[in-house]
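Participant: No letters, just coordinates:
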């Protein structure tokens, strides 16, 4: 799947692809939820040719299931908060139960959400207890992969936060971690290499549940089997006895649903329609399996790679695309803030180093020579008010979109150069005005905000 576009240029398209792909899979499977594997296989390609009305007659063609309903609301919460915060997501979900607005019942989530509804979002211990490993909330894990694709060190913590809303079972946490990791991998790689994806997913799962990790590593062997034998092994993973899945289809348990979706995607990762067909033909919890398969295919190919007729046929196409765009925009904003703060620290050290060298009577040196002053001034950075002043002014100006990151760095560089040369200190706002990056009115607005904002750690009387 080679492309002339860079990963950064394709990022928003893949955000859209993951969320819209999940909705497409859910909408294709929702009318057939609970149908046998025999029936779904008998439909053949008709299962992915277009949407059909739900057999109850209450839902139109293109209606996705409740799992995507939760996905959409969780995405809005993250975009609004700028982080994955359990209480905020719970507050978004609770009205669905309070006002009976759920598209369908999610038996494994109903118990947890009923407890949240009675006890409030600040309660503890409302999630389903260990041993309950339903897959209804598994689709939401793709949001962690999208949000943390460029910060893998944050992925595990955010998976734990999201999973804790509905489940305490370690198997569910491990599967969520694996799913989020695969989604993140798709966003950061041009090519899908089987071994790399499986290793990263298994590593993420192994910190929580070794059974899940071992199961993931069996995927290559499954790909060498015929489709029926592979299905029987995948749908029975982690289960002892029970009715033959070849007849009833896959149960709505997290591990077999995830394994079948992952297997279906690996069979033909460049063809979302083939992935969706393979997921649907598993029978049983097809709306969940196809939602995961669609999310994987969409994260890999982007919205541009999804079947256009299926995307435009979604009942909530525009809302879901808006959810993806808002999540993307907020994720990019938070990453710019993170990078900006890291840059501020570096620039502050350089600036303070130059001041120290001047104070000590040293000869002015070029910027690349500031490393020797770094050790002298580290102590000043920790408690220095100048670094805080620069961080606050620049951060507010950046948040108001008066300046770009490059313009801010240019201003800081000029400030550091002036100090190194022994020239009188100039405030950052003055420099940015002289460079033509800000107007005086904008500087005054930033200073007004800073003046009205209480200092950190100081209470206003």
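Facilitator: Arrived safely. Remember, predicted model here, so these are calculated numbers, not experimental data.
Participant: check contacts around residue 407.
Facilitator: 432, 435, 437 (Cβ atoms under 8 Å, 6 or more residues apart in numbering). Yep, even glycine has a C-beta here, placed from its N, CA and C like the rest.
Participant: buried sites along the host helix or strand of it?
Facilitator: Residue 407 belongs to helix 405-420 when assigned by DSSP states H and E. Neighbour-count burial for helix 405-420 flags 407-412, 414-420 (criterion: 16 or more other Cβ atoms under 10 Å).
Participant: now what about the helix or strand that it is followed by, what contacts it?
Facilitator: Using DSSP H and E, the next helix or strand after helix 405-420 towards the C-terminus is helix 428-434. Applying Cβ under 8 Å, 6+ apart, the external contacts of helix 428-434 come out as 390, 393-394, 397, 403, 407-408, 411-412, 414-415, 438-440, 443, 446-447.
Participant: Show the subsequent helix or strand relative to helix 428-434.
Facilitator: Using DSSP H and E, the helix or strand that directly follows helix 428-434 along the chain is helix 440-452.
Participant: in this structure, what secondary structure element scores lowest on mean pLDDT?
Facilitator: Here the helix or strand of the chain ranked lowest by mean pLDDT, DSSP states H and E is helix 371-383, holding a mean of 35.
Participant: could you measure residue 139 against residue 67, distance?
Facilitator: Per Cβ to Cβ, to the nearest Å, residue 139 is found 5 Å from residue 67.
Participant: typo on my end, residue 300
Facilitator: Distance from residue 300 to residue 67, by Cβ to Cβ: 20 Å.
Participant: neighbour-wise, which of these two wins?
Facilitator: Between residue 300 and residue 67, counted using other Cβ atoms under 10 Å, the more crowded position is residue 67 (30 against 27).
Participant: Reduced to three states, what does that one come out as?
Facilitator: Of the three states, residue 67 takes helix according to DSSP: H, G, I helix; E, B strand; the rest coil.
Participant: what sits against it?
Facilitator: Contacts for residue 67 were tallied using Cβ under 8 Å, 6+ apart; they are 26, 106, 136, 137, 138, 139, 140, 287, 288, 291.
Participant: rerun at 7 Å
Facilitator: Shown in contact with residue 67 (Cβ atoms under 7 Å, 6 or more residues apart in numbering): 26, 136, 139, 287, 288, 291.
Participant: So the third one sits against residue 72, correct?
Facilitator: Spelled out, that is residue 139. No: using Cβ atoms under 7 Å, residue 139 makes no contact with residue 72, being 10.2 Å away.
Participant: So the two - more neighbours on which side?
Facilitator: Each of residue 139 and residue 72 has its neighbours counted (other Cβ under 10 Å); residue 139 has more, 31 against 22.
Participant: if I look at the more buried one, how far off is residue 215?
Facilitator: 19 Å.
Participant: Show me the helices in the stretch 251-400 of the chain, by range?
Facilitator: All helices of the stretch 251-400 of the chain, identified by DSSP state H, counting those that start in this stretch, fall at 254-267, 272-280, 286-301, 308-312, 317-359, 371-383, 385-399.
Participant: rank those by mean pLDDT and give me the bottom one.
Facilitator: Lowest mean pLDDT within the helices of the stretch 251-400 of the chain: helix 371-383, at a mean of 35.
Participant: and residue 173, what does it touch?
Facilitator: 159, 160, 163, 208.
Participant: Work out the gap between stretch 152-164 and the centre of the chain.
Facilitator: Chain-centre distance of stretch 152-164: 10 Å, with Cα atoms, centre = their mean, to the nearest Å.
Participant: contacting residues around that stretch?
Facilitator: Contacts of stretch 152-164 (Cβ under 7 Å, 6+ apart): 84, 86, 127, 140-141, 144, 147-148, 172-173, 176-177, 180-181, 184, 207.
Participant: Identify, from the contacts of residue 173, the entry nearest to residue 269.
Facilitator: Taking Cβ to Cβ as the measure, residue 269 lies nearest residue 159 of those, at 22.9 Å.
Participant: Is it correct that that closest one falls within a strand?
Facilitator: No: Residue 159 is assigned helix when assessed by three-state DSSP, not a strand.
Participant: Nearest residue to it in space, please, no chain neighbours.
Facilitator: Nearest residue to residue 159 in three dimensions, chain neighbours excluded: residue 177, at 4.6 Å (Cβ to Cβ, 6 or more residues apart in numbering).
Participant: That neighbour touches residue 204, doesn't it?
Facilitator: Yes: using Cβ under 7 Å, residue 177 is in contact with residue 204, at 4.2 Å.
Participant: Columns distance to residue 269 on top of the contacts of residue 67, output as a markdown table?
Facilitator: Below are the contacts of residue 67 laid out as a markdown table (distance: Cβ to Cβ, whole Å):
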| residue | distance to residue 269 |
| --- | --- |
| 26 | 20 |
| 136 | 25 |
| 139 | 19 |
| 287 | 21 |
| 288 | 20 |
| 291 | 17 |
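Participant: Greatest separation within those: which pair is it?
Facilitator: Pairwise over the contacts of residue 67, using Cβ to Cβ, the maximum falls at 26 and 136, 11.3 Å.
Participant: the more surrounded of those two?
Facilitator: residue 26 (30 against 25).
Participant: buried set for the helix or strand containing that one?
Facilitator: Element membership for residue 26 (DSSP H and E) is helix 7-29. For helix 7-29, burial by neighbour count (16+ other Cβ under 10 Å) applies to 10-29.
Participant: any idea which helix or strand comes after it?
Facilitator: The C-terminal neighbour of helix 7-29 among helices and strands, as given by DSSP H and E, is helix 37-43.
Participant: Give me the contacts around the helix or strand immediately after that next one in the chain.
Facilitator: Using DSSP H and E, the helix or strand that follows helix 37-43 in sequence is helix 46-49. With contacts defined as Cβ under 7 Å, 6+ apart, helix 46-49 is touched by 28, 40, 273, 276, 277, 280.
Participant: Return the member of the residues you listed nearest to residue 90.
Facilitator: For the contacts of helix 46-49, with residue 90 as the reference and Cβ to Cβ as the criterion, the closest is residue 28, at 29.1 Å.
Participant: show me the contacts for the closest one.
Facilitator: When contacts are taken as Cβ under 7 Å, 6+ apart, residue 28 is in contact with 47, 48, 51, 276, 280, 290.
Participant: so how far is residue 70 from it?
Facilitator: According to Cβ to Cβ, residue 28 and residue 70 sit 18 Å apart.
Participant: Off-centre distance for stretch 108-116?
Facilitator: With Cα atoms, centre = their mean, you get 23 Å for stretch 108-116.
Participant: ditto for stretch 396-411
Facilitator: Centroid separation between stretch 396-411 and its chain, computed with Cα atoms, centre = their mean, is 26 Å.
Participant: swap in stretch 112-120?
Facilitator: 25 Å.
Participant: Other residues contacting it?
Facilitator: By Cβ under 7 Å, 6+ apart, stretch 112-120 touches 90, 93, 94, 97, 98, 123, 126, 127, 128, 166.
Participant: Checking residue 84 next. Helix, strand or coil?
Facilitator: Under three-state DSSP, residue 84 comes out as coil.
Participant: so it sits right up against residue 75, yeah?
Facilitator: No: the criterion here is Cβ under 7 Å, and residue 84 misses it with residue 75 at 10.4 Å.
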